[in-house]
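Participant: Attaching a predicted model along with its sequence, questions to come.
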Amino acid sequence: MSSIITPSKLTPKGLEYQQKMNNPLVFWMAMLSKLPSAIFWKFRIKTITQEKCEVTLPYSWRTQNPFRSIYFAAMAGAGELSTGALCQMYLAGRGKFSMLVVDFKAEFHKKADQKITFTCEQGEELFDLLNPMKPGDTGQLTMISTGTNPAGEMVARIYVTWSFKKKT
């Protein structure tokens with residue numbers, strides 16, 4: 001059982017970001033301007049809370065490879081988005097940061113031939129890394145996103161290592 005994060009762990013800007021990303025129209029507009037492939041592949045943020053982010057990826061002609069499963073790059077993108085959205089939410093209102101993917105690994109366990117939901121549940125760990133950072137501080141966190149099919153079976157696991165630097 002994961003611990004519950006109190007609302008005070010997000011800044012007002014973080015709460016605003018959370019509200020915006022939970023709104024499908026606002027999410028679509030944000031992705032159109034910043035990450036158009038997310039629009040093409042029809043990613044959806046199912047939920048974003050202080051504890052976790054869930055991103056869905058449909059099985060359709062847009063995401064399908066020639067082997068009748070979801071293209072690995074679409075799964076990698078959905079997995080990365082579930083980690084990156086949590087990062088953006090926690091960084092909102094905390095000053096200027098640089099944020100960069102410095103390592104990426106993916107494991108594929110089962111054929112992805114249905115809608116897949118990627119879930120990252122490291123909100124608490126992310127807060128613990130970012131909250132005490134002062135200008136000039138750096139840190140890294142490997143975030144894990146697990147992709148499951150509607151039956152709850154693990155299809156893929158995505159590991160994204162984010163590097164953060166607090167700017168002055």
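Facilitator: Perfect, I can see it now. Numbers count the residues shown, from 1 in each chain.
Participant: for the host helix or strand of Gly77, which positions count as buried?
Facilitator: Using DSSP states H and E, Gly77 falls within helix 72-91. Buried positions in helix 72-91, judged by neighbour count with 16 or more other C-beta atoms under 10 Å: 74-91. For glycine as for every other residue, the C-beta is placed from the backbone atoms N, C-alpha and C.
Participant: Contact partners for Gln122?
Facilitator: Contacts of Gln122 were listed using C-beta atoms under 8 Å, 6 or more residues apart in numbering, and they are 52, 83, 86, 141, 143-144.
Participant: what's the most distant pair in those residues?
Facilitator: Using C-beta to C-beta, those reach their maximum pairwise distance at Lys52 and Leu141, which is 14.7 Å.
Participant: Helices along the chain, start to end?
Facilitator: 12-21, 24-34, 36-40, 72-91, 123-130 (DSSP state H).
Participant: okay, those helices in a markdown table with mean pLDDT and distance to Glu153 next?
Facilitator: Shown next, in a markdown table, are these (pLDDT from 0 to 100; distance: least, C-beta to C-beta, whole Å):
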| stretch | mean pLDDT | distance to Glu153 |
| --- | --- | --- |
| helix 12-21 | 94 | 27 |
| helix 24-34 | 92 | 26 |
| helix 36-40 | 92 | 24 |
| helix 72-91 | 97 | 14 |
| helix 123-130 | 94 | 24 |
